[in-house]
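Trainee: Need the 3D shape of this:
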Amino acid sequence: MNINTTTLNVGDLLRDNRIYVVPLFQRSYAWESEQITDFWMDLIDTANQNEDYFIGSMVFTPHEERNKVKILDGQQRLATFLLFLAALRDVLKHAAIEGSSDWIDEINRIIFTRDVPTRSKNPKLELNKEDKTFFEKITIEGNIPDIKYKSHKRLKDAYNFFKEKINEGIEKNADRLVEDILDALLNRFILIKIEADTDINAHMIFETLNDRGLELSVADLVKNYIFSVSGRYLEEVVQMWKEMVDQIGDHNVTRFLRHFWLSSFKLVRKEEIYKELKGKVNSSNVRQFMERVSNEATIYANLRNPSHEFWGDTDIEKLLEELNILKVEQVYTLLLSLYNVFYHKRKEVGAFKKLLQLLINFTFRYNTVCGLNPNELERLYSNLAIKLRKNEIEERDIKEEIKKLSPSKEIFLDSFRTLEIKNGKLAKYILLKINNYLLIKRGEKEVTTNIYRTNLEHIIPKKPDKEWKEFFKKNQIDFETLVHRLGNMTILLKEYNRKIANKFFDKKKDMYEKSKLPLNESLITFNKFDEEEIEKRQEEMGKIANEIWSI
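Mentor: From the prediction side, this is the model:
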């Protein structure tokens, strides 16, 4: 390993004749207002105190072109320095300050160089594909193009922030501000420049270094390692990575990678994924690995947000939407394997549906109602998923293992009796299922399956009127302990009347009667409504729920 380190100031770094190039796989501009404000305050403090300020290290490797060098760590800071200089230059163009033209010329010599034969301007820093043109328009021309990506907005906001602060500073101290802040940035901001001979060696250093104020995520580390070992497949691998991110979303990459790992290899904590991946993926198999990851990302995305284009089966889509409402994470580890084995490989769609329904019922009992230890589920799901991919277990084995961990009828009913639900969508889901069960049992057609056309009604309202408050006081009732109990909730359709939703119980009974829903029949018979009625309703609901979500 050949590594050179040099201590220098930002001015020396920026006056280097070479162009700094951000590799295409590096993330886009990510600094938000917090980091931008911190930089400005550090700059002002350094200018006022007239002392050196250490800004950390930056990592570089050789580029294929002799006049360029790749920057592997430090691009966020370097881009911010140049945005600040561009903002200062553009403020000086309209400021009546002696010597401003000399400062403008000096800044332009730092921000870009001119090609002598063509007179074209070569930027000091080339950002990634998404940000390159936008960044150069701001720093070279002082123009802000149309925004296409979130990173563009961050670049624009940083540039405008600096212009605003510089203008404010010039109004207060025009004579000294420009000279002081230029001196602080170029001469007193000190860094360690690390130059490695290869991307692999640079990456080993990169693992221990973070951009200021933005720690690297697991996804960042994984991405940079995978790209660093991609070699001649780099362009393909980058494209597959981007396709994966498009499928699952930038903020979900780490979560997906962990669920994929638990489903395919072994049970690991989030922090261990990077280490495990480095031991399994190298230059000889990285392309095949990313092909698999990209394919599984498509499956994962459609398990979490089912589309008819992908499934073409409304039954599966409805079941997955139910699972989505229950908001559990661990189950997707097993679902990835169930899809790959039963749905895709064996074409046993019926078995896939049955197991999906089983997981919904189990999730409702174990997580939603009983709130049992999620770590047990993680071990169970990972173990089953890996064995399934290895053809070591069958459908019946999965059912048996899930049944072993499922709460008993007694535990379920006891937990349901005091169940509180603060998530409105989840409450409507439970009440709809119970209501539809009652409709089917008496031989009627389901008519209330659309959760978005259903109104959730709190019988004791969250914002009770005067009559309710007097009732609570007279009977010494703490209504806040009752309002989120499931027995205090019901569903209504068109008959729902927002104007009377907070009124006293006897003023709302007519609304319940108009609904004609079996869920509301008992409400019509009550003369009052307090803890006793809530307990009674919820106990009855629990018995029905035990049938609906049976194992």
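Trainee: low pLDDT regions in this structure?
Mentor: 1-2, 115-119, 174-175, 199-217, 446-448 (pLDDT under 70).
Trainee: Phi first, then psi, for the spatially most distant residue from the centre of it.
Mentor: Centroid-distance maximum for the chain: E98 at 49.5 Å, with Cα atoms, centre = their mean. E98 adopts backbone torsions of phi -60, psi 130, taken as degrees, to the nearest 10.
Trainee: what does the one 5 residues further on give?
Mentor: Note on W103: its backbone torsions stand at phi -60, psi -40 [degrees, to the nearest 10].
Trainee: quick one: it and D183 touch, right?
Mentor: No. Counting by Cβ atoms under 8 Å, W103 sits too far from D183 to count as a contact (11.3 Å). Using the backbone N, CA and C atoms, a C-beta is placed for each residue, glycine as well.
Trainee: Compare these two and say which is more crowded by neighbours.
Mentor: Between W103 and D183, W103 has the larger neighbour count (other Cβ atoms under 10 Å), namely 18 against 15.
Trainee: Next, the contact list for that one, please.
Mentor: Taking Cβ atoms under 8 Å, 6 or more residues apart in numbering, we find W103 in contact with L88, R89, L92, V178, L182.
Trainee: Which of the helices or strands spans V69?
Mentor: According to DSSP states H and E, V69 maps onto strand 68-73.
Trainee: What helices and strands are in contact with that strand?
Mentor: Here strand 68-73 touches strand 19-21, strand 53-62, helix 199-206, going by 3 or more Cβ pairs under 8 Å, 6 or more residues apart in numbering; DSSP states H and E.
Trainee: As CSV, could you dump the C-alpha coordinates of the longest one?
Mentor: What follows is strand 53-62, C-alpha atoms only, in CSV (Å, rounded to 0.1, in the frame of the first residue of the first chain):
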residue,chain,number,x,y,z
TYR,A,53,-8.9,25.7,12.1
PHE,A,54,-8.5,21.9,11.3
ILE,A,55,-11.3,20.6,9.0
GLY,A,56,-10.2,17.0,8.9
SER,A,57,-8.9,14.8,6.1
MET,A,58,-9.7,14.3,2.4
VAL,A,59,-8.8,11.2,0.4
PHE,A,60,-7.7,11.2,-3.3
THR,A,61,-6.6,8.6,-5.9
PRO,A,62,-5.2,8.9,-9.4
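Trainee: what are the pairing partners of that strand, and which direction each?
Mentor: Paired with strand 53-62 in the same sheet, following DSSP bridges, are strand 68-73 (antiparallel), strand 189-196 (parallel).
Trainee: how about the ones you listed, which one is nearest K462?
Mentor: Taking Cβ to Cβ, strand 68-73 is the member of the strands paired with strand 53-62 nearest to K462, at 50.5 Å.
Trainee: Output the closest one as CSV, nothing but the C-alphas.
Mentor: Provided in CSV are the C-alpha atoms of strand 68-73 (Å, rounded to 0.1, in the frame of the first residue of the first chain):
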residue,chain,number,x,y,z
LYS,A,68,-7.4,15.1,-13.0
VAL,A,69,-7.5,13.4,-9.6
LYS,A,70,-10.4,11.5,-8.0
ILE,A,71,-11.8,12.6,-4.6
LEU,A,72,-13.1,9.7,-2.6
ASP,A,73,-13.8,11.5,0.7
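Trainee: Can you name the next helix or strand after it?
Mentor: Along the chain past strand 68-73, the next helix or strand (assigned with DSSP H and E) turns out to be helix 75-92.
Trainee: So which bits of stretch 26-43 are buried?
Mentor: Using 16 or more other Cβ atoms under 10 Å as the test for burial, stretch 26-43 gives Q26, R27, S28, Y29, A30, W31, Q35, I36, F39, W40, D42, L43.
Trainee: can you check stretch 398-415 too?
Mentor: So, applying 16+ other Cβ under 10 Å, buried residues of stretch 398-415: I398, E401, I402, L405, S406, P407, F412, L413, S415.
Trainee: Tell me which two in those residues are the farthest apart.
Mentor: I398 and L413 (25.5 Å).
Trainee: In the biggest helix by length in the chain, which residues are buried?
Mentor: What stands out as the longest helix in the chain, according to DSSP state H, is helix 150-173. Across helix 150-173, burial judged by 16+ other Cβ under 10 Å covers 151-152, 154-156, 158-159, 161-163, 165-166, 169-170.
Trainee: quick one, helices of the stretch 401-550 of the chain?
Mentor: Using DSSP state H, counting those that start in this stretch, the helices found in the stretch 401-550 of the chain span residues 409-416, 424-441, 466-474, 505-515, 521-525, 531-548.
Trainee: Dump these into TSV; add distance to N295 as well.
Mentor: Output for the helices of the stretch 401-550 of the chain, formatted as TSV (distance: least, Cβ to Cβ, whole Å):
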stretch	distance to N295
helix 409-416	38
helix 424-441	31
helix 466-474	56
helix 505-515	47
helix 521-525	50
helix 531-548	35
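Trainee: Nearest approach to G56 belongs to which of those helices?
Mentor: Here helix 424-441 is closest among these (Cβ to Cβ), at 45.1 Å.
Trainee: Now the strand holding V69: buried residues?
Mentor: For strand 68-73, the neighbour count (16+ other Cβ under 10 Å) marks V69, K70, I71, L72, D73 as buried.
Trainee: Next: stretch 312-325.
Mentor: D313, I316, E317, L319, L320, E322, L323, I325.
Trainee: Identify the residues contacting the strand or helix carrying S263?
Mentor: Under the criterion of DSSP H and E, S263 resides in helix 253-264. Residues outside helix 253-264 that contact it (Cβ under 8 Å, 6+ apart) are 217-219, 222-223, 244-245, 248, 268, 270, 273, 276-277, 293, 296-297, 300, 329, 332-334, 336-337, 378, 381-382, 385-386, 389.
Trainee: Now list the buried members of those.
Mentor: In the contacts of helix 253-264, burial by neighbour count holds for 218-219, 222-223, 244-245, 248, 268, 273, 277, 293, 296-297, 300, 332-334, 336-337, 378, 381-382, 385-386, 389, counting by 16+ other Cβ under 10 Å.
Trainee: In helices only, show me those.
Mentor: Per DSSP H, these map to helices at 218-219, 222-223, 244-245, 248, 273, 277, 293, 296-297, 300, 332-334, 336-337, 378, 381-382, 385-386, 389.
Trainee: count of neighbours near I144?
Mentor: For I144, the count of nearby residues is 14 (other Cβ under 10 Å).
Trainee: surely it meets E136?
Mentor: No. The pair formed by I144 and E136 falls short of the contact definition of Cβ under 8 Å, at 11.9 Å.
Trainee: Tell me what K193 is bridged to.
Mentor: With DSSP bridges as the rule, K193 is bridged to T6, M58.
Trainee: which residues sit in contact with it?
Mentor: Neighbouring residues of K193 by Cβ under 8 Å, 6+ apart: T5, T6, T7, L8, L13, S57, M58, F60.
Trainee: What about E126, how many residues nearby?
Mentor: 20.
Trainee: Correction: the previous question concerned I534.
Mentor: 19.
Trainee: Quick check: closest non-adjacent residue to it.
Mentor: G487 (3.9 Å; Cβ to Cβ, 6 or more residues apart in numbering).
Trainee: and if you look at P518?
Mentor: L438 (3.8 Å).
Trainee: With L334 instead?
Mentor: Leaving aside its sequence neighbours, L334 sits nearest to Y381 (Cβ to Cβ, 6+ apart; 4.1 Å).
Trainee: Could you tell me how far the one you found is located from P374?
Mentor: Counting by Cβ to Cβ, to the nearest Å, the gap between Y381 and P374 amounts to 10 Å.
Trainee: Identify the contacts common to these two.
Mentor: With Cβ under 8 Å, 6+ apart, Y381 and P374 have common neighbours Q330.
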